[in-house]
Each structure stands twice: as C-alpha cells, then as structure tokens.
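>>> Quick check, what structure comes out for this input:
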Amino acid sequence: MIRSPFIVRILSTSAIAAAAFAGSVPAAIAAEFPTRPITLVVPFAAGGPTDIVARSLGASMSKDLGQTIVVENRLGAGGTIAAGSVAKAAPDGYTLLIHHNGMATAPALYPDLAYKPLNDFEYIGQVADVPMTLLGSKNFPPNTTAELVAYVTKNGEKVNLANAGPGAVSQLCGALFEQATKTKLIAIPYQGTAPALNALLGSQVDLLCDQTTTTLPHIAAKSVKLYGVTTPARIKSLPDAPTLQEGGLKGFDMKVWHGVYAPKGTPKEVTARITRALQAALKDPEVIARMDKLGVEIVPVDKQTPAGLQTWLQSESDKWQPLLKSIAAQ
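Here you go, the predicted model:
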C-alpha cells in the first residue's frame, strides 16, 4: 500500500506526540507523588523488632513526603504473607514493604513461595543493622559462653531453644549456634518475639537469640543471662558484653538487616522519591537517637540506595539458602 507524504507526516507527528505523552506520565506522577497516605507493611507483630524500626522510620519519612505513612502489620508464614501481598499490590508507590533477612531465606524455607524476592520487587534501600544477643533464662545453669558450649555439648538433647517462628531471625541465629557447637537442641517456636521472650523470662525455655531492639531492657534489668553478642566486634549499646567469638564460637557472625521494597513496576521516579525520603529519615537526629538507644546501627549512605539493597539481598541469598537447605537435609 502506498501512503501519501501527508499521511506519513501525520502518522509520524502522532507517534512522536504519543511517545512524548508516555514519557511525561512518570514525570507527572513523580511531581505529584504522594497525594495520599502510604502504607508500610511490616511482616511481624506490633511491638516487635522490625515494627519498632518501621514506626521510627515511617514517622520521619512522613515529614519529608508530606503524607502520613501508615504502618500495617500483616503476620504469618515467616513474613511471606506480607511480602506476597506487597508483590501483588498496585505498583504506584502507595504500598511498601519493610523486611529483614527473611527476604533472603524465604526461598529455602518455603519451596512453593508465590513470589521471587530478587525479581518481584523494586528496591528502595537498606535501613539499619541490628545486632543480636544470645540469652539464657535466669535458672539455666551456664553463666558464660564457654560454660554454655560445654553444657549443650553434654546435654543438647535436653536443652530447648526458643524462636519467634519459622523463618524468624531468632530461628536462623539458633541454627547458627547449633552448627557452631555441633549440637541439636529442642526448638520451641512461638508466634513472634514477644511470646518467645516472655517464655524465657518465665524460665519456660532455656535459650533465645534475638535482637537488641527487644532484649536490651531485660539485659539491663538482669532478668536474663547474657552470653554474648552475635557480631564480630563488641557493640556500643553493650560495651562490656563479650562477643560469642570471644567465648569460643569462632566465625560466629549474625546481624539483622532491614530493607524497604516497592511492588515491581513502580515508576522509577516514584521509587527515587521514596529513596530520598528514606535517606532524609536516616539523617534525622530523632531517628538517630532512637536507633542508638535500641542498639541499632544505621547503614552507610551507599547502602541506603536501590543498588545497595539489591546487591546485599543477592549476597545474603547466596549465603543463607545453601546453609538452610543443608540443615533441612540432615
């Protein structure tokens, strides 16, 4: 078919106009975003470690964005229910997810996972790292890490270790402890950190490994026994507490990291705006003071980026998934 030059010019002009309009849509969205409250989904219970970080972060980000960030707790299946719901949410920037190490470990723990952590989200940035502490009940005989290792080596089949449920970081920390001591303890799962910690305080369980965001007050009150922190170096909030490595568990290194995600397909201009709000919040003196009080370490600026979070999630996936699969095969 032969088209006249006049028709070709009309078609070309229309195509250019359409392309220009399409290119202007994300920019227009970014210029207006946000125009209503944003939901920040937390995969764990209110009052838990991730929830505490989320609420501090959300309050500060709201000031920068000019809209309220509403924290919503969606519990279940080690955080996979919340992550799955956000993966399927509208990609408009109004539904976000804050999650911890569970984003890296879920594929090894849940073979039928309905989403792919590395592929089904847009990355906003990392937030903070939280050290963990290994605790014993007041009535548990060992008083030091060395005594603990000797005790579980001899009595492992009688020692129980609480965790906050499948996929929780307390479970991962417990698995590392078992691997480091070459023991198999009795796992006692609970529906969240709060009930697991209450069981430890009531001497219903022997051991629990969990985050400083919830354990510091009980350590200060001496209502639990502290065996050590899980990081390679001592931490600012517990300067006198030894590391587990100092106690003889060579190579023991465990921290809880948090990242913020948006549904796949969220416009880059929108995710960039959210990243800027995240970075502003992590410079907020009130947030810094709150994190210091909880023993939380804000990550460097180069990690507070989409690339920083994506790289870290990949490396953590490579680290944890083979380990968890080997443990499951035992």
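>>> In contact with Glu157, which residues?
By Cβ atoms under 8 Å, 6 or more residues apart in numbering, the residues touching Glu157 are 184, 186. Where you see a C-beta, it was placed from the backbone N, CA and C, and this is true even at glycine.
>>> quick one: it from Ser326, how far?
When distance is defined by Cβ to Cβ, to the nearest Å, Glu157 is 21 Å away from Ser326.
>>> Please apply the same query to Leu207.
22 Å.
>>> since we're on the closest residue to Gln211 other than its chain neighbours, how many residues are nearby?
Among residues not flanking Gln211 along the chain, Pro49 sits closest, at 4.2 Å (Cβ to Cβ, 6 or more residues apart in numbering). The local packing count at Pro49 equals 27, with neighbours defined by other Cβ atoms under 10 Å.
>>> What does Pro49 show for phi and psi?
Note on Pro49: backbone dihedrals following degrees, to the nearest 10 are phi -60, psi -50.
>>> if we look at stretch 192-205, which residues are touching it?
For stretch 192-205, using Cβ under 8 Å, 6+ apart, the contacting residues are 44-45, 47-49, 75, 135-140, 160-165, 168, 170, 188, 190, 207-208, 210-211, 214-215, 218, 223-224.
>>> mind listing which of those residues are in helices?
If you go by DSSP state H, those have 49, 170, 214-215, 218 in helices.
>>> what's around the residue lying closest to Leu109 once chain neighbours are set aside, how many residues?
Taking Cβ to Cβ, 6+ apart, and ignoring the residues beside it in sequence, Leu109 has Gly167 as its nearest neighbour in space, at 5.1 Å. Gly167 is flanked by 23 other residues according to other Cβ under 10 Å.
>>> One more: Leu294?
Leu294 sits with 21 neighbouring residues when counted by other Cβ under 10 Å.
>>> Over to the one 5 residues further on?
Look at Val299: counted by other Cβ under 10 Å, it has 20 neighbours.
>>> now do Pro195
Number of residues near Pro195 (other Cβ under 10 Å) recorded here: 16.
>>> give me the element it is part of.
Secondary structure assigned from DSSP states H and E places Pro195 in helix 193-201.
>>> before we move on, what about Arg55?
For Arg55, the enclosing helix or strand under DSSP H and E is helix 49-65.
>>> Buried residues in that helix, which are they?
By neighbour count, with 16 or more other Cβ atoms under 10 Å as the criterion, the buried positions of helix 49-65 are 49-62, 64-65.
>>> and the next helix or strand along the chain from that helix, average pLDDT?
Remark: after helix 49-65, the chain's next helix or strand is strand 69-73, criterion DSSP H and E. When the per-residue pLDDT values of strand 69-73 are averaged, the result is 98.
>>> on contacts alone, who are the packing partners of strand 69-73?
strand 38-42, helix 49-65 (3 or more Cβ pairs under 8 Å, 6 or more residues apart in numbering; DSSP states H and E).
>>> helix or strand right after it?
Using DSSP H and E, the helix or strand that follows strand 69-73 in sequence is helix 80-87.
>>> could you check the angle strand 69-73 makes with that following helix?
Here helix 80-87 runs at 140 degrees with respect to strand 69-73, directions being taken by axes from the mean of the first three to the mean of the last three Cα atoms, to 10 degrees.
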